[in-house]
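J.: Next one to model:
(2 chains)
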Amino acid sequence: MAANWLPPVLLTASGRPVFLPGEIERCLLSAVDLEAEENPALPTLRSGLLVLTSHRILWIDESSSSGCAIPLAAVVHVFHPKKSLRNMFASPRVRIQVSTSPDGRVGEKGTRSEMVTIVMRGKTDPDVFYGRLLEVLRSRTWEASEESEGRERGSGSGEGSARVRMPVVGVSGILRKEQEMWESTDKSLQEAFHDLNALMSKAKEMVQLAENMRQKLLLGSNAQASANDDELGSKQEIQDWLLSVGIVSLVTKESAGALYHQQLSRQLADFVKLPLEKAGGMIALIDVYCLFNRARGTELISPEDLLQACALWEKFDVPVMLRKFDSGVMVIQNKAHSDDEVFARITSLAQKPDALLMGISPSDAALTLGIAPALAKEHMLTAESKGLLCRDVSPDGFRFYINLFKEIDPSDIYSIKTTGLVGAWVSATSTSG
Amino acid sequence: MQKLGDFKVPHFFNYPPYYTLQPVKETREKQVQLWKELILDYCRNQKIFVIGLEEDYPLFSNPVIERSLSHEARKVFLNALVAEGHAEWMDKSHKKCLILWLRIQDWAAYILNFVKENGFEDSVMTVEDIRSGIETRGTELAGIDRGVLMRALRLLEQKGKAAIFKGTSADDEGVKFSA
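T.: A predicted model of the protein is given here:
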């Protein structure tokens, strides 16, 4: 009973939370505890990943791939993380009051309440989190989705009470259309300006930040003879400001900070599953870069981000991996992908009568295997290095043949073989005349 | 089987990868072995003693499959023969290669054996006789390169099995074999 005092969170195969429709991440914090301080019956959740979204506060235990959530609708009050002499050296805490049902489960419209403390043991600024929390609570995005859901459900069930549309004919029809157009334009303009206002206020913050930094630097270089304490203080402040701006100040990096690459890594692992299936288990990294950015739409990632995200896969238990071929080509492949299976298919292709005579080109293999020609070439080069194929370079191009050298005995080169690969090759070449 | 002149080529002569220098070590080693044998056999059969890199040989170009060995490939195979002692570069720029399907000491042994079998000990033969005389017809010695022959004879001379001396005409030499 007490163990599931919070509703559970669904996770994807790569450990990312499954979001509700319209739910957006706002903030990520690592090494966070959730405590119900005043009710020892409710167990403390230790050292998890806290994700603040527009709809819920998610707490994810990465080691056991499970998580739970506090719906924002259940939050009654948030207490400011005051800094006092008492708690100056302790981990910052934000306390919230949530409504619960009589049997202790957290949910909105509960009759009782509990106090939950969010203990931030990682390196985070509690004020930033507090500010974001207030923002999402103020915007009440979950109500909007509920409303639209309600509307959808309502209009679906009430066939008889469907909205009666005025006939769009005649001059009144044209006027009505114009009216509707104006209204929707007006609405979207309002929304746009709303976003723009938010952008402007952020921009103001940035400018203020830059100005402060400039002042401090000026002071630092001018007042050489100032006391050591002052200099130390200013350096620390500058570092803090730099951290708050982020290495590269993109919106998403602001919300995840140092966890950016970890979350990106998991998101990428989820995304790449479907394209991998379609491509036969292996895709070139450059193709993933294009696909991923195209899917993201606006928050594009750089090639370095992609590389880092792939490199992090080693630390997580995801079913995909990054692989670099000798030629330098990098691909993403399923861990379950077997090279030997591909080689078996290539060698059987190379032993068909046509292939015995003419060999196979990378594009032939690509067609048969159902993979990209560049990847087919990589596979064939690897097969060559294993001694399964050998190359034929000529004005006609680059082709591969099944390796007969292995079977030829140098001490007996003039006898005509009838068995094995050589036998097959001899009969194929003699029948062609 | 295909022929080059009256030389029968092995079946893999029409295998296109045979003409491309293989990058993979194991495959390359096999390929080099096969070419070394083929070159020696062909030269022995056609009595070719010198291979010039700039020249064309039916052995190196196969019109049936439209493939030929690159310059680099020929060098690799000839160098392999040189390393074995079955060939020698005749110039610093490695443009001409002397092919010794029998090495000099093997030639010397062959000559000695020929002399013994035919009872030519203690008799005198001219170098030309050895090269193109009736006695040597049908043997490996027929048509032997003069330079190679002289070196083999000198080797025998060192071992005391033969003595070389100037002949009656200005440009011919004679050899006396001793048992």
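
J.: max-length helix in chain A?
T.: helix A:170-222 (DSSP state H).

J.: average pLDDT for that helix?
T.: The average pLDDT within helix A:170-222 is 76.

J.: name the helices or strands packed onto that helix?
T.: helix A:228-245 (3 or more CB pairs under 8 Å, 6 or more residues apart in numbering or on different chains; DSSP states H and E). Just so you know, the C-beta spots here come from the backbone N, C-alpha and C atoms, and that holds for glycine as well.

J.: buried set for stretch A:175-191?
T.: Residues of stretch A:175-191 classed as buried: residue A:176 (neighbour count, 16 or more other CB atoms under 10 Å in any protein chain shown).

J.: ok, stretch B:74-81 near chain A or not?
T.: No: Stretch B:74-81 stays clear of chain A (CB under 8 Å from any CB of the partner chain), getting no nearer than 12.4 Å.

J.: helix/strand/coil for residue 41?
T.: Assuming you mean chain A. What DSSP: H, G, I helix; E, B strand; the rest coil gives for residue A:41 is coil.

J.: look at chain B instead
T.: Following three-state DSSP, we place residue B:41 in the helix state.

J.: Going by residue numbers, what spans are helices in the stretch 51-200 of chain A?
T.: A:126-139, A:141-157, A:170-222 (DSSP state H, counting those that start in this stretch).

J.: likewise chain B?
T.: B:25-46, B:71-84, B:104-117, B:127-132, B:146-158.

J.: now the fourth one: mean pLDDT?
T.: Across helix B:127-132, pLDDT averages out at 84.

J.: Residue A:109 and residue A:211, how far apart?
T.: Distance of residue A:109 to residue A:211, given as CB to CB, to the nearest Å: 47 Å.

J.: just to revisit the earlier point, out of the helices of chain B, which is closest to residue A:289?
T.: helix B:25-46 (35.2 Å; CB to CB).

J.: Same list, the helices of chain B, but as TSV with distance to residue B:9 please.
T.: TSV is the format used below for those (distance: least, CB to CB, whole Å):
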stretch	distance to residue B:9
helix B:25-46	8
helix B:71-84	15
helix B:104-117	25
helix B:127-132	28
helix B:146-158	25
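
J.: Which one of those lies nearest to residue A:82?
T.: Closest to residue A:82 of the helices of chain B is helix B:25-46 (CB to CB; 72.1 Å).

J.: List the buried residues in the closest one.
T.: B:27, B:30-43, B:46.

J.: Distance of residue A:183 relative to chain B?
T.: Distance from residue A:183 to chain B, counting by CB to the nearest CB, to the nearest Å: 71 Å.

J.: Contacts only, for that residue.
T.: Residue A:183 sits next to no residue when contact means CB atoms under 8 Å, 6 or more residues apart in numbering or on different chains.

J.: Now do it against residue A:193, distance only.
T.: When residue A:183 is compared with residue A:193 (using CB to CB), they lie 16 Å apart.

J.: Ok, residue B:75 next?
T.: Residue B:75 is 76 Å from residue A:193, by CB to CB.

J.: shaky segments in chain B?
T.: For chain B, the stretches with pLDDT under 70 are B:1-2, B:167-171, B:179.

J.: Which residues of it lie near chain A?
T.: B:1, B:8, B:10-12, B:14-17, B:19-20, B:22-24, B:26-27, B:30-31, B:33-34, B:37-38, B:66-67.

J.: Least confident secondary structure element in chain A?
T.: helix A:251-256 (a mean of 48; mean pLDDT, DSSP states H and E).

J.: Count the residues that sit near residue A:409.
T.: Applying other CB atoms under 10 Å in any protein chain shown, we find 11 residues neighbouring residue A:409.

J.: and it, that's in a strand?
T.: No: per three-state DSSP, residue A:409 lies outside any strand segment and is coil.

J.: How much space separates it from residue A:417?
T.: 9 Å.

J.: And residue A:349, which helix or strand is it part of?
T.: Here residue A:349 sits within helix A:339-350, counting by DSSP states H and E.

J.: is chain B contacted by that helix?
T.: No: Helix A:339-350 is not in contact with chain B by CB under 8 Å from any CB; minimum separation 11.3 Å.

J.: Contact partners for residue 82?
T.: Because you didn't say which chain, this covers chain A. Counting by CB under 8 Å, 6+ apart, there are no residues that residue A:82 touches.

J.: that's the wrong chain, I meant chain B
T.: B:88, B:89, B:97.

J.: Over to residue A:139?
T.: Residue A:139 touches residue A:54, counting by CB under 8 Å, 6+ apart.

J.: I'd like to know how far it sits from residue A:130.
T.: 15 Å.

J.: try residue A:424
T.: 76 Å.

J.: and among the helices of the stretch 51-200 of chain A, the most buried is which?
T.: helix A:126-139 (a mean of 15; mean count of other CB atoms under 10 Å in any protein chain shown).

J.: Can you check what angle separates it from helix A:170-222?
T.: If you take axes from the mean of the first three to the mean of the last three CA atoms, to 10 degrees, helix A:126-139 sits at 170 degrees to helix A:170-222.

J.: For helix A:126-139, give the mean pLDDT please.
T.: 86.

J.: Tell me the gap between that helix and the middle of its chain.
T.: Taking CA atoms, centre = their mean, to the nearest Å, the mean C-alpha location of helix A:126-139 is offset from the chain mean by 23 Å.

J.: Tabulate the CA atom coordinates of that helix in PDB.
T.: Extracted in PDB, the C-alpha atoms of helix A:126-139 (Å, rounded to 0.1, in the frame of the first residue of the first chain):
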ATOM      1  CA  PRO A 126      17.500  25.100  -6.500                       C
ATOM      2  CA  ASP A 127      16.300  28.500  -7.500                       C
ATOM      3  CA  VAL A 128      16.300  27.600 -11.200                       C
ATOM      4  CA  PHE A 129      14.300  24.500 -10.500                       C
ATOM      5  CA  TYR A 130      11.900  26.400  -8.200                       C
ATOM      6  CA  GLY A 131      11.400  29.000 -10.900                       C
ATOM      7  CA  ARG A 132      10.600  26.400 -13.500                       C
ATOM      8  CA  LEU A 133       8.300  24.600 -11.200                       C
ATOM      9  CA  LEU A 134       6.400  27.800 -10.600                       C
ATOM     10  CA  GLU A 135       6.200  28.400 -14.300                       C
ATOM     11  CA  VAL A 136       4.700  25.000 -15.200                       C
ATOM     12  CA  LEU A 137       2.300  25.200 -12.300                       C
ATOM     13  CA  ARG A 138       1.200  28.600 -13.500                       C
ATOM     14  CA  SER A 139       0.700  27.600 -17.100                       C
END
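
J.: Looks like residue B:178 contacts residue B:162 (just checking).
T.: Yes: counting by CB atoms under 8 Å, residue B:178 touches residue B:162, with 6.9 Å between them.

J.: The two: which has the busier surroundings?
T.: Taking neighbours as other CB under 10 Å, residue B:178 and residue B:162 compare with residue B:162 leading, 21 against 11.
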